[in-house]
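**Q** sequence and predicted structure are below.
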Amino acid sequence: MKRTLLIMLITISCYNTNGQTKSDLISTIEIGKNLIANKVITATEYNFLDNIYQADMDTTSKCLTIQLRGITKNGKNYKNKGEVLVFDLKTKKIKWQKEIDFQQTGLEQYENILFHTGPVNTVLMDMETGKSKWSTDRTIHATLPAINISLGYKYNTSYNLDGINLTTGKTIWKRSIDKSYGWNGLLNLNDTAVIIKACGLHQINLKTGKGWDYEAHTGKKDYSKSVGLNIAGAALGLLTGTYVVSLGHDLLSNLVSNLVVDSGSYYYASKDYIVRLNKNGKILWKGALPKETGTTKISVKDSTVYLINYGTADYNGKVINYGKSYLSAFDCRTGYQKYLTAIELKDNPIESYIFNMDTLNLIFKDQVISYSLTNGSLLNTRIFDIHKFGSIKYTVNENNIFLQVDSVFKSLHAIDQKAFYVMSTNNEIYKLNPSFELSESISLDSIYSETFETDQFKLIHRKNQTVVLDKNNRRIGELNLGRKLYKVDSKLYGFTDTSIIEVDLDQLK
């Protein structure tokens, strides 16, 4: 695999592999144009002899971790083996590189922490040399470099969480936290404390591992398929004399909400209950939820907690229809249930929602249904022809999508602050008026998405073109770069299939 090595001009004076010379591997190219100065923008291109499968930036050390993975001869699949290397953006040198088996192992990076994960162990790699610092039989679920700790479970176990010292790889504390139904996220409270969402809520002091717990059911094991197989196996056994009994089960998970922090309280829903906890984990109130409550969303507005049940769950890792969608509201202080509105739509879960003043608009694949936030009553229904318009997939963030209007670019929100926008399966954005009537369609070929904003520029992209805007959203430059970009000081880094592109942003001044 050494043939994929990138050689920098400043590192080696002569190089030739498979007919490629040093001038093939590093070059200056035209990448765009400064429209104000009417000058070409150039870039330095660092080429590789294999495809860039993934690239991750450590902004602290200003290094890129690059995974190289070739394509099979039929051009349809990635090869099982490739390479990983660390490229120093300051010196323009490769610090190290080594082979990797993508079929058996993987890489996970948290800032300047790089893990090489295998079937039975996790190795912390030295970012300077690529050598192993230590190895553990734990899978890493979270890493917090600022306080030098990782959180992980022993391979193939789900009950005991370990706090792992990043310097030594040793366990510094243990805590019983069940993740049988998944790890649903981590909330940073401060520099030394987090809340973990896994079969409930668990506050952890990262130095000691201690803290409070709120246990909850966020999934269940489905034995129905196994029972069917057992019955079939028993029937076959009567005929053949051989009995095969399955003891396995399927996993129904993600029967849980987001975690909302409001006025020093935590609001959280699971399969059976919605609760409000104080900062010490004490239950302030607890309300029962309907049977077959699945994936939910909590929003707190004024003095009311709104709970939206999507009508979905995860089944062996895939989203399925589960139970009935509903809308419910609770008093923030007492937990009194103000109303529960069931939505009688079979196999038609909620895709998204929009709060609009005193109305909640629930978005389904083929309609928008509006409800009163005051009492949960049905206000209006708008049905769309999915054969003509496609199915609605989700709402669009109108602040991050731009259209060119005359000589300036405007966000969808700036164009019409009263409108709403949804994405459909036919790859068009539909504009909805305040009554949720479809008023306009917008082709994806005409929109730009915001990449990021600096003190001087705003970068928006469409396909493999990036447009540079000034503070007044006027076009001042163009770059032939895609969506994935990193900014380090005054340099911008983008990628092609086989190269890194480095652009000096001072050329836009």
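**A** Arrived safely, thanks for sending. Please read all numbers here as calculations on a predicted model, not as lab measurements. Numbers count the residues shown, from 1 in each chain.
**Q** hey, where'd the helices end up in the stretch 301-450 of the chain?
**A** Residue ranges of the helices in the stretch 301-450 of the chain, as given by DSSP state H, counting those that start in this stretch, are 386-389, 412-415.
**Q** and if you look at the chain?
**A** Under the criterion DSSP state H, helices of the chain are mapped to 22-25, 224-240, 386-389, 412-415.
**Q** those: lowest mean pLDDT?
**A** In terms of mean pLDDT, the lowest-scoring of the helices of the chain is helix 224-240 (a mean of 41).
**Q** just put the helices of the stretch 301-450 of the chain in JSON lines and tack on mean neighbour count.
**A** C-beta here means a position set from N, CA and C on the backbone, and glycine is covered the same way. Output for the helices of the stretch 301-450 of the chain, formatted as JSON lines (neighbours: other Cβ atoms under 10 Å):
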{"stretch": "helix 386-389", "mean neighbour count": "12"}
{"stretch": "helix 412-415", "mean neighbour count": "16"}
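**Q** output the below-cut-off pLDDT ranges for the chain.
**A** 1-24, 223-249 (pLDDT under 70).
**Q** point me to the residue sitting closest to the centre of it.
**A** The C-alpha lying nearest the average C-alpha coordinate of the chain belongs to Gly185 (Cα atoms, centre = their mean; 11.2 Å).
**Q** on that earlier part again, switch the helices of the stretch 301-450 of the chain over to JSON lines; also include distance to Asn321.
**A** Listed next are the helices of the stretch 301-450 of the chain as JSON lines, based on distance: least, Cβ to Cβ, whole Å:
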{"stretch": "helix 386-389", "distance to Asn321": "16"}
{"stretch": "helix 412-415", "distance to Asn321": "31"}
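**Q** closest to Val503 out of those?
**A** Ranking the helices of the stretch 301-450 of the chain by proximity to Val503 (Cβ to Cβ) places helix 412-415 first, at 27.9 Å.
**Q** counting contacts, what elements does the closest one pack onto?
**A** strand 401-405 (3 or more Cβ pairs under 8 Å, 6 or more residues apart in numbering; DSSP states H and E).
**Q** contacting residues around the strand it packs on?
**A** Contacts to strand 401-405, defined as Cβ atoms under 8 Å, 6 or more residues apart in numbering, come from residues 409-412, 415, 421, 429, 442, 446-450, 460, 473, 475.
**Q** Asp331: neighbouring residues, count only.
**A** Using other Cβ atoms under 10 Å, Asp331 has 15 other residues around it.
**Q** verify the stated contact: it with Tyr339.
**A** No. In this structure, Asp331 is not within contact of Tyr339 by Cβ atoms under 8 Å, at 11.1 Å.
**Q** follow-up on the earlier one: among the helices of the stretch 301-450 of the chain, which is nearest Asn80?
**A** The closest of the helices of the stretch 301-450 of the chain to Asn80 is helix 386-389. By Cβ to Cβ, the value is 40.5 Å.
**Q** so what's the residue nearest to the centre of the chain closest to, chain neighbours aside?
**A** Nearest residue to Gly185, sequence neighbours excluded (Cβ to Cβ, 6 or more residues apart in numbering): Lys197, at 4.6 Å.
**Q** bridging residues for the one you found?
**A** Bridge pairing for Lys197 (DSSP bridges) gives the partners Gly185, Leu201.
**Q** cool, Asp262 as well?
**A** Beta-bridge pairing for Asp262 (DSSP bridges): Ser265.
**Q** neighbours around Lys393, how many?
**A** Lys393 - counted by other Cβ under 10 Å - has 16 other residues nearby.
**Q** quick one: contacts for it?
**A** Applying Cβ under 8 Å, 6+ apart to Lys393 gives the contacts 351, 365, 422-425.
**Q** can you pick the most crowded of these?
**A** Sorting the contacts of Lys393 by how many neighbours each has (other Cβ under 10 Å) puts Val422 first, at 23 neighbours.
**Q** that one touches Thr395, doesn't it?
**A** Yes. Here Val422 lies in contact with Thr395, judged by Cβ under 8 Å, at a distance of 5.5 Å.
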